[in-house]
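Peer 1: Task: produce atomic coordinates for the following.
(2 chains)
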Amino acid sequence: MVLIDWVIMLTTLFSIAAYGIWKTRAINTSESYLRGDRDLKWWIIGLNIMSTQASAITFLSTPGQAYEDGMRFVQFYFGLPIAMVILSIFVIPNYYRLKVYTAYEFLESRFGLPTRVLTAVLFLIQRGLASGLTIYAPSIILSHILGWPLNSTILFIGIIVIVYTVSGGTKAVSVTQTQQMAVIFLGLILAAGIIIYKLPDQISFGDAVSLAGKMGKLNVVDFKFDLSNRYTFWSGILGGVFLFLSYFGADQSQVSRYLGGKSLTESRLGLLLNGILKIPLQFVILFVGVLVFVFYQFTQPPLHFNQTNVEKLEKTAAAAEFHGLEKEYAQLFLQRRHEVEGLMTAIRQKNPQAIAEAQTQVKSIQARDKKVREQVKTLISKNVAGASSKDTDYVFISYVLKYMPVGIVGLLLAMIFAAASSASSSELNALATTTVVDLYRRMFVKNASDRHYLLASKGFTIMWGVIALSFAITARLFDNLIQAVNIIGSIFYGVILGIFLTAFFLKKVKGRAVFIAAIIAESLIIYIYFRDVVAFLWLNLIGCALVMGLALLLQAILGDTKEEKALDNIN
Amino acid sequence: MKDANQSVSSVDQPPIMRTWTQVYWLVILFNVVLISLLYWFTQAFA
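Peer 2: Numbers count the residues shown, from 1 in each chain, chains lettered A, B, ... in the order given. As a prediction, this is how the structure comes out:
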């Protein structure tokens, strides 16, 4: 990276943060701080929702995933538009009617205080842990790439985010996310355009698409019903709806975004905009990875994309073996390029037999290619202490640094840092809002002045920021951190969703039944997890089903309490 | 469900189309067409 890239990257990041602070300098009430001024237009809400969901990992990992595995990951989002419609019909009107600050506040009106507090605490545990990972995961990649110490990278992202989130609360998150999303869109369009421009002269855009298709990378939609296949049309539609209902309807980091809307109409349209743009956006991100794949059919790719691992490996006794593999890989690349050119000619001639023969040849070399790359990964695992041999997360960023023009590199790095900041600021803001509204103000300090709650909100934002940073800094001490956080998420998310779905769809179920059901379901989920009966991703669905089933059963057995009957009469 | 829609229907009109139901169908239809195009894309270049 040269000076101009540093200037562009740092100017973009600091100016967005400064703009957020300046724009929200007049905020002096807890309502403005926690809910914004509730003046957002639909397109800003839509951008904020997309920005919250798109973390830095989206732009670092997803193109690499397409490079390795093709575009089938896009199916994961097929259930999202349906979830947006369901939320617009059933959920947002209820939140608006009750003028809630948080999703959990709604649960008190439906089930009583214990269920509200239980759900808020489950959210705080789950999201509190995840907020550390939101900073840690991109930091580990960016620290390798930029040559910065890991802790400095974590602090760089974390401190910028904490400063503007503490300063302006929900409004600052919204203002900065709009700018960050603009940088992200601009970066993506430029990246796709430049990668197409960088393709060899003899390869047109149409050739690149045809070639990617014949090499199995354009596997966008798969209608086969196969439970063992993680990404199919059916898993996206069936599993995705539940996952996104839970994330967008019950996770305060998203709920905050659309509750800041000027009206119910604006909030609904914001969510629906996400339902229209999300699949195309993911398609473009994955397609960028496919274009990088096509580029590397004609230009030799690195044997291992994480250069830091390579440098460390070269200092070990395995260096000679690595260099041997490098020579083998270079020869394989020349053979593969020859076969790929043959495939390209066959495609242009529209000769099915020649295409099939060339595909067989290319696949055979790809298999040998893969074997060599796996051997390098094994060498790294055995010889470089503490190194992760997975390098797909480095495919896109290493391409950017090596082949993108001066200036664009700075902008694309700003895009990745902007994505990290936007996701992280939403989380810190949501954690602080939930802590103040659902616990502190509701249970501990009920009648203080507004200034007290404003200061408490800022204090809790700092507290969660420090927790997230501490977790991110110590994260490397835990071997399977990402998996651990995903497991914790799966243990809690299903139960939270079950409580919300019961609230919206099982009108006969009351607070006592759902509270006991949630406690039993959470205990059973933890038991199932420790007995290792099913893969942890299924815990979401099981937890949700358990809460709803048990709540119905308990309601039938226990009936209503006196208070619940009285509440029914009032309503 | 009914309560929620009733409570907002008088002030909450979609800026495009006549009813929210039509807007929801538009979103679903858009995605059906999009996924169909993506399926065609998969088949055409496989």
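
Peer 1: Contact partners for A:A387?
Peer 2: When contacts are counted by CB atoms under 8 Å, 6 or more residues apart in numbering or on different chains, A:A387 touches A:N309, A:K312, A:I380, A:S381. Glycine gets a C-beta too; all of them are placed from N, C-alpha and C.

Peer 1: what about 7 Å?
Peer 2: A:N309, A:K312, A:I380 (CB atoms under 7 Å, 6 or more residues apart in numbering or on different chains).

Peer 1: export those to a markdown table and tack on neighbour count and secondary structure?
Peer 2: Below are the contacts of A:A387 laid out as a markdown table (neighbours: other CB atoms under 10 Å in any protein chain shown; DSSP: H, G, I helix; E, B strand; the rest coil):
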| residue | neighbour count | secondary structure |
| --- | --- | --- |
| A:N309 | 24 | helix |
| A:K312 | 16 | helix |
| A:I380 | 23 | helix |
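
Peer 1: okay, these in JSON lines with distance to A:Q75 next?
Peer 2: Converted to JSON lines, those look like this (distance: CB to CB, whole Å):
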{"residue": "A:N309", "distance to A:Q75": "31"}
{"residue": "A:K312", "distance to A:Q75": "37"}
{"residue": "A:I380", "distance to A:Q75": "31"}
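
Peer 1: Give me every residue in the stretch 101-250 of chain A lying close to chain B.
Peer 2: A:V209, A:S210, A:G213, A:L218, A:N219, A:V220, A:V221 (CB under 7 Å from any CB of the partner chain).

Peer 1: Out of those residues, which is nearest to A:Y231?
Peer 2: Each of those was checked against A:Y231 using CB to CB; the closest is A:N219, at 9.0 Å.

Peer 1: State the three-state secondary structure for the closest residue to chain B within the stretch 101-250 of chain A.
Peer 2: Across the stretch 101-250 of chain A, the shortest distance to chain B (CB to the nearest CB) belongs to A:G213, at 2.5 Å. Following DSSP: H, G, I helix; E, B strand; the rest coil, we place A:G213 in the helix state.

Peer 1: sorry, back to before: okay, among the residues of the stretch 101-250 of chain A next to chain B, which ones form the most distant pair?
Peer 2: Farthest pair in those, by CB to CB: A:S210 and A:V221, 17.9 Å.

Peer 1: Which residue does chain B have closest to chain A?
Peer 2: Proximity of chain B to chain A (CB to the nearest CB) peaks at B:F45, 2.5 Å away.

Peer 1: the bottom helix or strand of chain B by mean pLDDT?
Peer 2: Within chain B, confidence by mean pLDDT, DSSP states H and E is lowest for helix B:2-9 among all helices and strands, at a mean of 41.

Peer 1: Following the chain onward from that one, which element is next?
Peer 2: With elements assigned by DSSP states H and E, the helix or strand that comes after helix B:2-9 is helix B:20-45.

Peer 1: Tell me the buried residues in that following helix?
Peer 2: Neighbour counts over helix B:20-45 (16 or more other CB atoms under 10 Å in any protein chain shown) mark B:W20, B:V23, B:Y24, B:V27, B:N31, B:L34, B:I35, B:L38, B:F41, B:T42, B:F45 as buried.

Peer 1: Once you drop chain neighbours, what's closest to the second one?
Peer 2: Put plainly, it is B:V23. Distances taken as CB to CB, 6 or more residues apart in numbering or on different chains place B:P14 nearest to B:V23, at 4.8 Å, with adjacent residues excluded.

Peer 1: wait, isn't the one you found in contact with B:W20?
Peer 2: Yes - under the contact definition of CB atoms under 7 Å, B:P14 touches B:W20, with a separation of 5.4 Å.

Peer 1: roughly how far apart are the residue lying closest to the residue of chain B closest to chain A once chain neighbours are set aside and A:G407?
Peer 2: Spatial nearest neighbour of B:F45, chain neighbours left out: A:G213 (2.5 Å); criterion: CB to CB, 6+ apart. Separation of A:G213 from A:G407 (CB to CB, to the nearest Å): 33 Å.

Peer 1: Looking at these two, which is more packed in?
Peer 2: With neighbours defined as other CB atoms under 10 Å in any protein chain shown, A:G213 and A:G407 compare such that A:G213 has more, 21 against 14.

Peer 1: Is that one in contact with B:A46, as I believe?
Peer 2: Yes - counting by CB under 7 Å, A:G213 does reach B:A46; the two are 5.7 Å apart.

Peer 1: Okay, now the unreliable bits of chain B?
Peer 2: Along chain B, the model assigns pLDDT under 70 to residues B:1-11.

Peer 1: let's see 90
Peer 2: Applying pLDDT under 90 to chain B flags residues B:1-18, B:41-46.

Peer 1: List the residues that contact the spatially most central residue of chain B.
Peer 2: When CA atoms, centre = their mean is applied to chain B, the residue found nearest the centroid is B:V27 (2.1 Å). Residues in contact with B:V27 (CB under 7 Å, 6+ apart) are A:P81, A:M84, A:V85, A:L272, A:G275, A:I276.

Peer 1: Those residues into JSON lines, with extra columns for distance to A:Y529, pLDDT and secondary structure?
Peer 2: Listed next are the contacts of B:V27 as JSON lines, based on distance: CB to CB, whole Å; pLDDT from 0 to 100; DSSP: H, G, I helix; E, B strand; the rest coil:
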{"residue": "A:P81", "distance to A:Y529": "31", "pLDDT": "96", "secondary structure": "helix"}
{"residue": "A:M84", "distance to A:Y529": "30", "pLDDT": "96", "secondary structure": "helix"}
{"residue": "A:V85", "distance to A:Y529": "32", "pLDDT": "97", "secondary structure": "helix"}
{"residue": "A:L272", "distance to A:Y529": "36", "pLDDT": "97", "secondary structure": "helix"}
{"residue": "A:G275", "distance to A:Y529": "32", "pLDDT": "97", "secondary structure": "helix"}
{"residue": "A:I276", "distance to A:Y529": "37", "pLDDT": "97", "secondary structure": "helix"}
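
Peer 1: Give me the PyMOL select line for the residues you listed, limited to the buried ones.
Peer 2: Selecting only the buried entries of the contacts of B:V27 in PyMOL, with 16+ other CB under 10 Å as the criterion:
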select buried, chain A and resi 81+84+85+272+275+276
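
Peer 1: For burial, what's the neighbour tally of residue 17?
Peer 2: Using chain A here. Around A:A17 there are 23 other residues, counting by other CB under 10 Å.

Peer 1: that's the wrong chain, I wanted chain B
Peer 2: Residues near B:M17, counting by other CB under 10 Å: 13.
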